[in-house]
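**Q** sequence and computational prediction follow.
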Amino acid sequence: MFERSEFRSRRLLRASQRPTGRDSRACFLLVTFLFTKKKSDSSYRTKNTPTGKEENNDSVKKAPLKQSRRVATQKYRNNRKQEKTKSKQTDKMNTLKPKLAIHKFSSCDGCQLALLNLGENLLELPKYVDITHFAEAGPNNPNAKVDVSLVEGSISTPADVERIKQVRENSAYLIAIGACATAGGLQALANLADRDAWMAAVYAQPAAIETLSSSSAISEHVKVDLELHGCPVNSQQVIAALADLLAGVKPASERQTLCMECKRNGAVCTMVTKGEPCMGPVTRAGCGALCPSLGRACYSCYGPAETVNDGALAQRLQSLGLTSEDVARRFLFITSGAPPFRDAGMRLRPPPLESDE
């Protein structure tokens, strides 16, 4: 009896300690939360973890996707940053490129056309220099301050005199290109005659033409740093001179005679084999012996060489049947403004005939 009553009292005691109503629901939620959290925590363990337990949750599958997105985003940001840095460097390089200007004075534009005939090489030039003025090709800014100026043509008008001084002031380095810029060109032939009579023979109203009493080379008016001869100029020589300047080297000037260039190129001497009056022995090299390589005598479009033995050549030409006047015309032609040729031609030129009274 006692045992039965004691068992009953213990059941009542345990029943009194059980949660009821709201307390029972709270306990259920707590147990459910703890069980779910434990299961979720275990799902982060991968299949290859030291515990050897396999993952069984979708969040693990999504983790690599999120990581790849972060990598792709970071890669895109790095590429954008590199592109901006490269763009800034390119802009900086463009601002640091030497500026080049090509000016024209009294001429036929042949030397500018020789530059345009460079073709693909001309398209490569803007990679190394900033062409600020080249009216023949497009850019037109004649008053821009530049590092290098290429000047074509002779000085023949009062406006030319003022403009070449401005070009010289705006240029750190000035290169005269072609026979007109280096020796006056064909325009200088008028210096040997009555210019007013020539003007009256050519123009209906010569008084409207403003011109100087003579046509002269660029070097007679301003300082010239380098002269590149020819009619027209050899465009490869121009590119070589610009390349030397970009490399910080002073461009070399051609000093040998055309005869040396003929021998280097294997051209047959037209004077020896054909008896043609050739100016090669006194002409500056640089054209590549173009005419002799085609079987034609040189007529000295590159002007006088460094040393000119005009007396010996004159005797040789006269032995071939030329008169003194014909020999003088050989010297007084495209580069008649060059002092060695001018002096030789004037010595050989017969005196003018006196008019009958």
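**A** Received the coordinates, thanks.
**Q** buried ones in stretch 156-168?
**A** Judged by neighbour count using 16 or more other Cβ atoms under 10 Å, the buried positions of stretch 156-168 are 156-157, 160, 163-164, 167-168. Where you see a C-beta, it was placed from the backbone N, CA and C, and this is true even at glycine.
**Q** can I get the residues you listed in JSON lines with secondary structure, pLDDT and distance to residue 72?
**A** Putting the buried residues of stretch 156-168 into JSON lines (DSSP: H, G, I helix; E, B strand; the rest coil; pLDDT from 0 to 100; distance: Cβ to Cβ, whole Å) gives the following:
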{"residue": "156", "secondary structure": "coil", "pLDDT": "94", "distance to residue 72": "69"}
{"residue": "157", "secondary structure": "coil", "pLDDT": "94", "distance to residue 72": "68"}
{"residue": "160", "secondary structure": "helix", "pLDDT": "96", "distance to residue 72": "65"}
{"residue": "163", "secondary structure": "helix", "pLDDT": "97", "distance to residue 72": "60"}
{"residue": "164", "secondary structure": "helix", "pLDDT": "97", "distance to residue 72": "62"}
{"residue": "167", "secondary structure": "helix", "pLDDT": "97", "distance to residue 72": "56"}
{"residue": "168", "secondary structure": "helix", "pLDDT": "97", "distance to residue 72": "59"}
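**Q** and which of the residues you listed is nearest residue 144?
**A** Nearest to residue 144 among the buried residues of stretch 156-168 is residue 167, at 10.3 Å by Cβ to Cβ.
**Q** I'd assumed residue 174 was in contact with that closest one.
**A** Yes - here residue 167 reaches residue 174: they are 7.1 Å apart, a contact under Cβ atoms under 8 Å.
**Q** which neighbours do the two share?
**A** Counting by Cβ atoms under 8 Å, 6 or more residues apart in numbering, the contacts common to residue 167 and residue 174 are 149, 151, 222.
**Q** am I right that the second one sits in a strand?
**A** Read it as residue 151. Yes - Residue 151: assigned to a strand according to DSSP: H, G, I helix; E, B strand; the rest coil.
**Q** ok, the shared contacts of residue 167 and residue 174 vs residue 232, which is closest?
**A** Nearest to residue 232 out of those is residue 151 (Cβ to Cβ; 13.8 Å).
**Q** for that closest one, which residues are in contact?
**A** Shown in contact with residue 151 (Cβ under 8 Å, 6+ apart): 103, 105, 164, 167, 174-177, 181, 218.
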